[in-house]
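In: Provided below for reference: sequence and predicted model.
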Amino acid sequence: MARPRKPKAQSSGRGRSAGGEKAVLYARVSTAEQEREGFSIDAQVALIREYAERMGFVIAEQYVDVETAKKTGRTQFEAMLKYLRGHPGVRHLLVEKTDRLYRNIKDWVTLDGFDIELHLVKEGTVLSRDSRSSEKFMHGIKVLMAKNYVDNLSEEARKGMLEKAKQGIWPSQAPLGYLNVVGPQGKKIIVPDPDLAPIVARVFEWFETGDYALKDVTHKARAAGLRYRRSQKPVGTSTIHYMLRNRLYAGAFEWGGRLYQGTHEPLVTRVTWENVQEVLDGRSASNVRAEPLRFAFTGLITCGHCGCAVVAQMQRGRYIYYHCSGFKQKCPEKYVREETLAQAFSEQLARLHMDDEVFALIERAIRESHGDKNRERIETVGRLRGEADRLQQRLDKLYVDHLDGRITADMHDRMANTWREERAGCLRRMDVLNNAEDAYVDDGIALLNLARKAHSTFNLQSQNGKNTALNLLVSNSTWANGRLSVTYREPFDMLEEISLGNPGSEPPAAPGGSDYPEWLPE
């Protein structure tokens, strides 16, 4: 096996003087709480500005977001994109690290369309169109891992909500007619809204008679004063329909596909709710459609002749054929069996092959690059632990003051409930961070491992499994003249380029060696 080449000098401007070139600074914290406590924004900005001064950059604009990045649409992120579009001379973007810039795939793809040089200061990485494919690949893996981290945080939050549901506590925002309050046990519960609850109850009573259509009940509800809580605008017909279908008003609720008996006060009786369902069902059209069969390659292939979708159909109840839909014109492409397409996809996925030794080195690089995020998590957990201990000390002192008669029972209960809820929130966030962190790196590496082994497991998967795997790995596929062409999603499209035996890539050094191969980040 050939020995690896020694690492060569980095490209994309790394280590050079920028000569006064303009750059944009971007910083982000994931929660408003972090920003209020000065947890990371000041540190990010200071680090990036020190880097800019050292490299000779002039900061033309600075953008700071204080909100979750799970969904696109961040105010300052969008403003930054608008600025870069309007100032083609500013081609440098400075950010602390990958997960401060974007935490979802759409943001990554959007920014990748700009001809800019991205400086990830804390990671010591500079990326541009001229960067090696291996550098881009590693960056893409980090983006996927960051998204997976956010998903894990959401999953842990959902677990907490499910636990509340099992206890009969509605775990989300109170619907119209209820209010969110802190209960006697320090947990958030829902109670009837003194202003809107009577109107909601009357809505059910009106519709139960069968004398009114949804629009009529909506008009009556508006006239009675039923308004949306935030906007104070009159409710719409769809809201009334959703309300009438909601079991919560009768004392039970559905969560995670299961029915739970709530501990909250119902606004209507179960009999009234069931009568309303009968009226609604009687007014609905009886157009029942069977659930369509999901084929393995539905929505994944277009025709290479005319660009129309390649669709599937079943013959004789068991044979599945695919063909061009012919939406634009009559197409010469012949029908093809699903087994033929499956074999073609399997052969294409074999291009994602990666040697075990190469995979081991990439895994090591990913785990080492994760060290900074882990330190940040430990710091956050420590801060939350200190806050929880401080609140417990307050509760202990408050109890003594109550026993000694220095405060009234009413003041004790009111303040104790508030501090218990705050302390419980700290403990919940600690659990979420710890549980999500456990899977952060392992899930990212498992994702990479899934891609490189996709060809060997593809034919063993179910129809849904094949469709899901291809949606993850493949961005576009065409079928023409009996041949399948595939375009992989980033960063999986770079796996082929760094596979052993491909041009521009050489075998890695032994795992115990002192040098990384040249395609691994420094």
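Out: That came in fine, so what should we check first?

In: which element is residue 322 on?
Out: Using DSSP states H and E, residue 322 maps to strand 319-324.

In: check residue 277 too.
Out: Counting by DSSP H and E, residue 277 is found in helix 270-283.

In: what's the spacing between that helix and its chain's center?
Out: Offset of helix 270-283 from its chain centre (C-alpha atoms, centre = their mean, to the nearest Å): 37 Å.

In: any idea of the mean pLDDT for that helix?
Out: Across helix 270-283, the average pLDDT comes to 83.

In: and the strand holding residue 322, what does it pack against?
Out: Here strand 319-324 touches strand 310-315, strand 336-337, helix 338-349, going by 3 or more C-beta pairs under 8 Å, 6 or more residues apart in numbering; DSSP states H and E. (Each C-beta comes from the backbone N, C-alpha and C, glycine too.)

In: wait, which of the ones you listed is closest to residue 196?
Out: Of all these, it is strand 310-315 that lies closest to residue 196, at 48.9 Å by C-beta to C-beta.

In: show me where pLDDT drops low in the stretch 251-400 of the chain?
Out: 283-294, 317, 354-355, 358, 361, 365-374 (pLDDT under 70).

In: 50 - rerun?
Out: For the stretch 251-400 of the chain, residues meeting the criterion pLDDT under 50 lie at 285-292.

In: and the chain, by the same measure?
Out: 1-18, 32-39, 68-73, 285-292, 500-522.

In: now residue 123: closest residue in space, sequence neighbours ignored.
Out: Nearest residue to residue 123, sequence neighbours excluded (C-beta to C-beta, 6 or more residues apart in numbering): residue 97, at 5.2 Å.

In: which residues touch the one you found?
Out: 120-123, 372 (C-beta atoms under 8 Å, 6 or more residues apart in numbering).

In: just the buried members of those residues?
Out: Those of those that meet the buried threshold are 120-123, by 16 or more other C-beta atoms under 10 Å.

In: can you name the element that comes right after the helix holding residue 277?
Out: Following helix 270-283 in sequence order, the next helix or strand is strand 301-303 (DSSP H and E).

In: residues contacting that following strand, please?
Out: With contacts defined as C-beta under 8 Å, 6+ apart, strand 301-303 is touched by 308-310, 322, 324-325, 331, 333, 341, 476-480, 484.

In: now residue 233: closest residue in space, sequence neighbours ignored.
Out: In space, residue 233 is closest to residue 227, 6.4 Å off (C-beta to C-beta, 6+ apart).

In: how close does that neighbour get to residue 199?
Out: Per C-beta to C-beta, to the nearest Å, residue 227 is found 9 Å from residue 199.

In: who's more crowded, these two?
Out: When neighbours are counted by other C-beta atoms under 10 Å, residue 199 comes out ahead of the other of residue 227 and residue 199, with 21 against 16.

In: name the next helix or strand following the helix or strand hosting the more buried one along the chain.
Out: Using DSSP H and E, residue 199 maps to helix 197-208. Scanning forward in sequence from helix 197-208 by DSSP H and E, the next helix or strand is helix 214-224.

In: kindly export that next one (C-alpha atoms) in PDB.
Out: Extracted in PDB, the C-alpha atoms of helix 214-224 (Å, rounded to 0.1, in the frame of the first residue of the first chain):
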ATOM      1  CA  LEU A 214     -70.000  25.700  11.500                       C
ATOM      2  CA  LYS A 215     -70.200  29.200   9.900                       C
ATOM      3  CA  ASP A 216     -73.300  30.000  12.000                       C
ATOM      4  CA  VAL A 217     -71.600  28.900  15.200                       C
ATOM      5  CA  THR A 218     -68.500  30.900  14.300                       C
ATOM      6  CA  HIS A 219     -70.500  34.100  13.800                       C
ATOM      7  CA  LYS A 220     -72.200  33.500  17.200                       C
ATOM      8  CA  ALA A 221     -68.900  32.900  18.900                       C
ATOM      9  CA  ARG A 222     -67.400  36.100  17.500                       C
ATOM     10  CA  ALA A 223     -70.500  38.100  18.600                       C
ATOM     11  CA  ALA A 224     -70.000  36.600  22.100                       C
END
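
In: so that helix versus helix 270-283, what angle?
Out: Helix 214-224 runs at 130 degrees relative to helix 270-283, counting by axes from the mean of the first three to the mean of the last three C-alpha atoms, to 10 degrees.

In: re earlier: deepest-packed of the helices and strands packed on strand 319-324, please.
Out: Mean neighbour count (mean count of other C-beta atoms under 10 Å) peaks for helix 338-349 among the helices and strands packed on strand 319-324, with a mean of 18.

In: for residue 478, see how far away the closest residue to residue 326 other than its chain neighbours is.
Out: Counting by C-beta to C-beta, 6+ apart, residue 326 lies nearest to residue 308, which is 6.4 Å off, once chain neighbours are set aside. Relative to residue 478, residue 308 is positioned 11 Å away (C-beta to C-beta).

In: now residue 363
Out: Where residue 478 is concerned, residue 363 sits at a distance of 34 Å (C-beta to C-beta).

In: do the same with residue 57
Out: From residue 57 across to residue 478, the span is 43 Å (C-beta to C-beta).

In: repeat that for residue 177.
Out: Distance of residue 177 to residue 478, given as C-beta to C-beta: 53 Å.

In: which stretches of the stretch 351-500 of the chain form helices?
Out: For the stretch 351-500 of the chain, the helices defined by DSSP state H, counting those that start in this stretch cover 356-369, 371-403, 409-452, 454-457, 463-473.

In: possible to save the ones you listed as a markdown table with distance to residue 280?
Out: Below are the helices of the stretch 351-500 of the chain laid out as a markdown table (distance: least, C-beta to C-beta, whole Å):
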| stretch | distance to residue 280 |
| --- | --- |
| helix 356-369 | 53 |
| helix 371-403 | 46 |
| helix 409-452 | 38 |
| helix 454-457 | 46 |
| helix 463-473 | 32 |
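
In: still on that earlier bit, out of the buried ones among the contacts of residue 97, who's nearest residue 264?
Out: residue 122 (47.0 Å).

In: confirm for me that the closest one is in contact with residue 43.
Out: No: using C-beta atoms under 8 Å as the test, residue 122 is too far from residue 43 to be in contact (10.2 Å).

In: before I go, just wanted to say thanks for your time.
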